[in-house]
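Enquirer: no sequence for this one, just the structure:
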């Protein structure tokens, strides 16, 4: 530690004698319209800013020297400047960005915890732009993941490349984070999607494959990092109103009410600057009568984000999100004759929940080589149900991360840090439990011969779950990316992943809807070895193609299973192997008015011990999309197909808990939308009409749960 | 552009298939009949049920919750006749689909609560086929059918052969061991 302080003192003292200049300028598009939120970065350093609403930027206090500047923003080709010479002067540059056909000229920060070109990282990734939430009227962030190649949702449980089946909300194998802070619940370790405010999303970075070497437990199957909007410095108010109705079910037998079933959402947000303080806040209310009986909900949400700049190099940012919700409980249908009605015993059941997450980031840039961040966060969760047993759970998760980014040279970059997490649960079904975990990580990224990027990482974790034995885990990683030419990049990565069981998996003891779950205090962590290789190329302009092959070996995979009494218990059951390949392609045609995307994923997910397919993993999945834009008119169609899953929890059917639960089909869904984006003609609004499940196709993702029937929605958005 | 012309046909084709439908569910598959009791009820029997197992009861492991598909509502103590139906909403467990059921019986428990321990059960009567009135008969339920007159006679003075239990298994193993020893 002494050496570390000495290093910092040395770097700071070196700063005192250095001489400085600055770089400023403006970023515009082809029509000379200013671009807000473009990322301006001095290449090879940690220094960067975003453009303001007039497209201006200013990077002060740059040590004298020669630099290259990059500018990037979603939907535009990345710009790289000629060499810039700073010598006690202010260098001015005007940058014009041209729209791009592809998504690859973007920065991704989740891969290695610093900004990198999307095509230069060693594992498969995907970026979702926030505009899809406005255009498709998605009510929850996970609705968008159903159209990402390689991702499947089993109701609300996410799986990247078959990493997860369905475990009734206990544990996740995909680490979901908001601005880099994980957001799984303290007790069950699940992701509550409703907690993520869709209006506040700038973009979503998705990394496929194990990322435990940087992110630790739960990143065993991948990472989803949700980046929130930058705060507007000028006062800005957004009002959004949405409403929709569900179609009648396609079979008269399923009609359970004569009422028109609807949903609606109202939200308002405002952002502004007060001196050095930038503030953004939003409130929303969502009500859903649901297409199913006893599945309605009402939810009130709030989001707050604030940035304060103490100086040019020191900043503090805060965000918090929370909701209070009352939701009726629909567990399984009564039977296929009554697919939109729950079992009689579940009628009237509901759960009240209050959840809040707050995150803080204190960031200090010592110079263009060294920056330090301290990131504490807290997740407070409370829920209670209205069953006879009156279950309730109050839980807290506190997390602290100290991160150091250091650039040894233009070619060598270090990311390192320590992380501590403490969970505390008081619950009628999990008991009074605590868990502690500690992690330390290092990652070195090398850029060699201008073409080769090499990434090596190592993380050590120690976790202690209540009175269970200490678990230690070492997660190494090696990644390569080689640029064959400007159009073709090949990549390969190898890594070890691990996941400690959630408190719910180890200690749940409850009976709900005749299903009894037993605790298993002997549960161990699961581990994985992941390998993937891929290529990203423009086979011919303007088609971009990305191919990947992957092989993931899982050891002591934690899966829910049934004992001889028909009770559920989580066990280290499976030695599993998940192999497959993925093809993703996109293009823009006709002066970029027409966009096409396509993705295919093949999975071979086998429980090696029992030589059978893993549950809830479709072998084949296809997504496709067509977007057409002309001036302010926009329209699009999305399509997805998933083959019938090979294996499900048949025990629920055998035990008579979910009658007809084994009835399932392949999934075939089409969504369509049409709207006007008045921002294109300098009017402050957007109106979109959307149809989900256009064909009113009936399918299940989970046994005894019919997916939403066709529904129509209209959204209007005004900004002033 | 040819691809675009195909789209409307594709839509038509797709809209023909609506995925899951209620018709896929078995049309009230099930069975029912009358249980007739002869003789005096044993006072040690606490609960009496009609039960149905999918697979034959060849070993103790076949006496499993996953093999048990039907448990009727409790038959009142001392009854002479009892009408039952798998589609009766009062059944303790009813998970009947079409297919063969290898063991349909009237079983009595020696405990007040429903136990899944084989040793807590005594079989008072079995469904037999016409060919052999001493052995369990296989009950076949065709798809979408409700099979009536699955009648069971319980003669307390002449109980049917009991399915394997732990004690029987031990005895069987013992005799097999002795046999091989000889």
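Expert: Arrived safely, thanks for sending. Keep in mind the model is a prediction, meaning the values are calculated, not measured.

Enquirer: in terms of contact, does residue A:119 touch residue A:535 like I think?
Expert: No - using CB atoms under 8 Å, residue A:119 is not in contact with residue A:535, being 10.5 Å away. Backbone N, C-alpha and C define where each C-beta goes, glycine included.

Enquirer: What residues are bridge-paired with residue A:207?
Expert: For residue A:207, the beta-bridge partners under DSSP bridges are residue A:125, residue A:223.

Enquirer: Look up how far chain B lies from it.
Expert: Distance, residue A:207 to chain B, using CB to the nearest CB, to the nearest Å: 33 Å.

Enquirer: tally of neighbours for that residue?
Expert: By the criterion of other CB atoms under 10 Å in any protein chain shown, residue A:207 has 26 neighbours.

Enquirer: residue closest to the middle of chain B?
Expert: When CA atoms, centre = their mean is applied to chain B, the residue found nearest the centroid is residue B:52 (1.0 Å).

Enquirer: list the contacts for that residue?
Expert: Residues counted as contacts of residue B:52 (CB atoms under 8 Å, 6 or more residues apart in numbering or on different chains) are B:31, B:68-70, B:86, B:96, B:101, B:103-105, B:139.

Enquirer: Pairing partners for the helix or strand that it is a member of, with directions?
Expert: For residue B:52, the host element (DSSP states H and E) is strand B:47-53. Strand B:47-53 sits in its sheet next to strand B:68-71 (antiparallel), strand B:103-109 (antiparallel), going by DSSP bridges.

Enquirer: so which of the ones you listed comes closest to residue B:152?
Expert: Among the strands paired with strand B:47-53, the nearest to residue B:152 by CB to CB is strand B:103-109 (5.4 Å).

Enquirer: I'd like the average pLDDT over that closest one.
Expert: For strand B:103-109, mean pLDDT rounds to 90.

Enquirer: just stretch A:519-527 next, same as before
Expert: The pLDDT scores in stretch A:519-527 average 87.

Enquirer: Walking through chain A, point out its helices one by one.
Expert: Assigned by DSSP state H, the helices in chain A fall at A:2-17, A:131-136, A:142-145, A:212-215, A:503-507, A:650-654.

Enquirer: Tell me the residues of the stretch 201-350 of chain A that contact chain B?
Expert: A:250-251, A:253-254, A:335-337, A:339 (CB under 8 Å from any CB of the partner chain).

Enquirer: Any chance of those in JSON lines with pLDDT, distance to residue A:169 and neighbour count as columns?
Expert: Formatted as JSON lines, these follow (pLDDT from 0 to 100; distance: CB to CB, whole Å; neighbours: other CB atoms under 10 Å in any protein chain shown):
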{"residue": "A:250", "pLDDT": "91", "distance to residue A:169": "29", "neighbour count": "17"}
{"residue": "A:251", "pLDDT": "91", "distance to residue A:169": "30", "neighbour count": "18"}
{"residue": "A:253", "pLDDT": "91", "distance to residue A:169": "30", "neighbour count": "15"}
{"residue": "A:254", "pLDDT": "94", "distance to residue A:169": "26", "neighbour count": "23"}
{"residue": "A:335", "pLDDT": "88", "distance to residue A:169": "24", "neighbour count": "18"}
{"residue": "A:336", "pLDDT": "90", "distance to residue A:169": "24", "neighbour count": "25"}
{"residue": "A:337", "pLDDT": "89", "distance to residue A:169": "28", "neighbour count": "19"}
{"residue": "A:339", "pLDDT": "94", "distance to residue A:169": "22", "neighbour count": "26"}
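
Enquirer: Against residue B:23, how distant is the residue of the stretch 101-250 of chain A found nearest chain B?
Expert: Here the residue of the stretch 101-250 of chain A nearest chain B is residue A:250; by CB to the nearest CB that distance is 5.1 Å. Distance, residue A:250 to residue B:23, using CB to CB, to the nearest Å: 12 Å.

Enquirer: before we move on, what about residue A:509?
Expert: 41 Å.

Enquirer: now residue A:558
Expert: Per CB to CB, residue A:558 is found 38 Å from residue B:23.

Enquirer: At which residues are the helices of chain B located?
Expert: Applying DSSP H to chain B gives helices spanning B:2-16, B:166-181.

Enquirer: Give the partner strands of the top strand by length along chain B in its sheet and their orientations.
Expert: Looking across chain B with DSSP state E, the single longest strand is strand B:30-38. Paired neighbours of strand B:30-38 in the sheet (DSSP bridges): strand B:81-85 (antiparallel), strand B:146-147 (parallel), strand B:152-155 (parallel).

Enquirer: what about chain B, any weak spots by pLDDT?
Expert: Scanning chain B for pLDDT under 70 picks out B:1-17, B:24-28, B:114-116, B:166-182.

Enquirer: again, only this time at 80
Expert: Scanning chain B for pLDDT under 80 picks out B:1-17, B:23-28, B:59-66, B:88-90, B:111-120, B:129-134, B:143-144, B:164-182.

Enquirer: wait, what's in contact with the nearest residue to residue A:35 once chain neighbours are set aside?
Expert: Closest residue in space to residue A:35, ignoring its immediate chain neighbours: residue A:27 at 4.8 Å, by CB to CB, 6 or more residues apart in numbering or on different chains. With contacts defined as CB under 8 Å, 6+ apart, residue A:27 is in contact with A:34-35, A:38, A:40, A:51, A:55, A:57, A:71, A:73, A:94-97.

Enquirer: Separate out the buried members of those residues.
Expert: Buried subset of the contacts of residue A:27 (neighbour count, 16 or more other CB atoms under 10 Å in any protein chain shown): A:35, A:38, A:40, A:51, A:55, A:57, A:71, A:73, A:95, A:97.

Enquirer: Identify, from those, the entry nearest to residue A:641.
Expert: So of the buried ones among the contacts of residue A:27, ranked by how close each gets to residue A:641 (CB to CB), first place is residue A:73, at 32.8 Å.

Enquirer: What's the separation between the closest one and residue A:230?
Expert: Distance of residue A:73 to residue A:230, computed by CB to CB: 11 Å.

Enquirer: Over to residue A:510?
Expert: 43 Å.

Enquirer: Just give the nearest non-adjacent residue to residue A:570, would you?
Expert: residue A:505 is the one closest to residue A:570 (CB to CB, 6+ apart), at 4.3 Å.

Enquirer: What residues does the one you found make contact with?
Expert: Contact analysis of residue A:505 by CB under 8 Å, 6+ apart lists A:167, A:170-171, A:189, A:520, A:523, A:558, A:570.

Enquirer: Can you convert these into a markdown table and add a column each for neighbour count?
Expert: Shown next, in a markdown table, are these (neighbours: other CB atoms under 10 Å in any protein chain shown):
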| residue | neighbour count |
| --- | --- |
| A:167 | 24 |
| A:170 | 24 |
| A:171 | 26 |
| A:189 | 24 |
| A:520 | 17 |
| A:523 | 21 |
| A:558 | 26 |
| A:570 | 25 |
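
Enquirer: what's the farthest-apart pair in the residues you listed?
Expert: Across those, no pair lies farther apart than A:189 and A:520, at 14.7 Å, counting by CB to CB.

Enquirer: Please tell me how far the closest residue to chain B within the stretch 201-350 of chain A sits from residue A:375.
Expert: For the stretch 201-350 of chain A and chain B, the shortest gap (CB to the nearest CB) falls at residue A:336, measuring 3.7 Å. For residue A:336, the distance to residue A:375 equals 49 Å [CB to CB].
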